[in-house]
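Student: model this:
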Amino acid sequence: MKAKTKIITTLLPLAISACMPAMSVNGMQKRAPVLVADSPRGSDAIITCVTAAWLKLGGPTPKSVPRETGAMLVVGDNCPLLMVETTPIPTGTHLVMHQFKTAWSDNDRHRVEEVRACL
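Tutor: As a prediction, this is how the structure comes out:
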């Protein structure tokens with residue numbers, strides 16, 4: 001077997017197992033948030049702003065998901081990589097952002113800063 005094939009067959013199960021705990025929104029919600037903030041803006045305005053900002057940065061397309069209370073923005077189909085949850089509060093919107101970090105991912109600090117700019 002070629003060395004490159006051996007490396008891929010060794011690392012693939014590791015990559016998949018690293019994704020397992022957060023393969024769902026519920027798994028992401030159990031992780032410590034990378035950002036918790038309140039904003040005077042409405043939930044829809046924040047989600048629209050973050051979506052536009054993340055599209056400019058490139059990468060996977062964020063998907064907006066309606067919730068019973070507020071909205072959610074998720075990046076990543078099979079394994080959520082980034083997630084922003086918004087909940088209406090009397091003074092505007094409460095926001096929680098989660099990030100799935102792996103040894104191979106960068107810190108996505110720019111994505112967090114884009115969310116802050118939309119508050």
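Student: In the protein, mark out all the helices, start to finish.
Tutor: Using DSSP state H, the helices found in the chain span residues 3-19, 25-29, 43-57, 109-117.
Student: Quick one: residues in contact with the last one.
Tutor: By C-beta atoms under 8 Å, 6 or more residues apart in numbering, the residues outside helix 109-117 that reach it are 34-35, 37, 49-50, 53-54, 57, 82, 84, 95, 97, 99. (C-beta placed from N, C-alpha, C; glycine too.)
Student: Out of those, which is nearest to Thr69?
Tutor: Distance to Thr69 across the contacts of helix 109-117 (C-beta to C-beta) is lowest for Leu95, with 12.7 Å.
Student: contacting residues for the closest one?
Tutor: Leu95 touches 35-39, 46, 84-87, 115, 119, counting by C-beta under 8 Å, 6+ apart.
Student: Which of the residues you listed fall within strands?
Tutor: 35-39, 84-87 (DSSP state E).
Student: that older thread, pick out the shakiest of the helices of the chain, pLDDT-wise.
Tutor: Among the helices of the chain, helix 3-19 carries the lowest mean pLDDT, at a mean of 53.
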